[in-house]
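# what would the 3D arrangement of this be:
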Amino acid sequence: MAEPVIAVLDVDGTLVDSNYQHALAWYRALRSLGETFPVWRIHRLIGMGGDQLVAALGGDDVEQRIGDQARERWVEEFDALIGEVAPLPGARDLLRAVKERGHRLVLASSGKPQHVTAFVDLLDVGDLADAVTSSEDAEASKPAPDLLQVALQKLGAPPDADSVLVGDSVWDVEAAKKAGMPAIVVRSGGFGDDELRDAGAVGIYDTPGDLAAALDETPLS
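Numbering: from 1, shown residues only. Coordinates of the predicted model:
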């Protein structure tokens with residue numbers, strides 16, 4: 001049996017099906033401020049932190065003019081949609097399987113604290129997590145590695161601790177690479193398998209439940 005590791009699990013889009021609500025909230029927030037972008041372009045950036053998304057989407061000029069307002073309105077728009085977010089199939093099963101193998105578990109979200117709390121409650125996994133992060137815990141969001149480094153710090157582990165990230169986007173994989181972690185992904189982020197592999201994913205699964213069933217094939221065996 002493999003030695004226990006630290007499992008760092010993304011929440012938004014990986015354990016709960018929230019990516020399209022996030023994309024729609026950003027679309028509505030930006031449009032209300034006079035900037036309309038195709039929703040598919042916004043979706044391609046979901047998983048990147050909101051502090052970087054506006055500039056990545058519209059350029060530095062849009063960020064300077066309305067970035068802060070857009071982020072405030074995005075929260076309001078997402079709050080109106082959060083009731084539509086549901087757990088992804090097998091999410092709790094995955095967390096239970098990870099814990100049953102003796103691994104330590106961090107729910108590493110870059111979401112707003114109130115959203116993270118809502119999702120942990122929705123998943124009913126507060127008893128399984130050894131630590132939880134939110135946007136307040138790191139200065140730079142994904143694809144920067146800061147949040148993943150904070151996840152290890154919360155457990156008192158060194159930066160080079162044996163750890164694995166489970167996420168759903170190329171931004172997760174890039175952050176994991178910078179943090180020195182292998183990344184396993186689920187397809188709920190909407191990215192192609194080729195994109196995820198090119199970014200460095202070591203395993204790709206349809207749902208958290210599928211990953212739970214195949215856990216012995218992964219670094220979380």
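# which strands or helices does the longest helix seen in the chain pack on?
Longest helix in the chain by number of residues, with DSSP state H as the criterion: helix 60-81. Contacts defined by 3 or more CB pairs under 8 Å, 6 or more residues apart in numbering; DSSP states H and E place helix 60-81 against helix 19-32, helix 50-58. Placement of C-beta: from N, CA and C, glycine included.
# give me the residues contacting the shortest one.
Residues from elsewhere that reach helix 50-58 (CB atoms under 8 Å, 6 or more residues apart in numbering): 26, 30, 35, 37, 41-42, 45, 48, 62-63, 66-67, 70-71, 74, 135, 140-141.
# just stretch 106-118 next, same as before
6-12, 15, 49, 75, 78, 82, 119-120, 125, 129-136, 138, 141-142, 147-148, 150-152, 154-155, 165.
# can I get the buried part of those as one ChimeraX selection?
Entered in ChimeraX, the line below selects the buried ones among those, by 16 or more other CB atoms under 10 Å:
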select :6,7,8,9,10,11,12,15,49,78,82,119,120,125,129,131,132,133,134,135,138,141,142,147,148,150,151,152,154,165
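# could you find the closest non-adjacent residue to the most centrally placed residue in the chain?
The structure's the chain has its C-alpha centroid closest to residue 10; by CA atoms, centre = their mean the separation is 3.8 Å. The shortest distance from residue 10 to any non-neighbouring residue, by CB to CB, 6 or more residues apart in numbering, is to residue 167 (4.1 Å).
# next one: residue 9
residue 166 (4.6 Å).
# gap between the one you found and residue 94?
8 Å (CB to CB, to the nearest Å).
# shared neighbours, the two?
Contacts common to residue 166 and residue 94, judged by CB under 8 Å, 6+ apart, are 9, 208, 211.
# name the element the last one belongs to?
Assignment of secondary structure by DSSP states H and E places residue 211 within helix 208-213.
# any residues touching that helix, and which ones?
So helix 208-213 is in contact with 14-15, 88-91, 93-94, 96-97, 166, 184, 186, 203, 205, 218, going by CB under 8 Å, 6+ apart.
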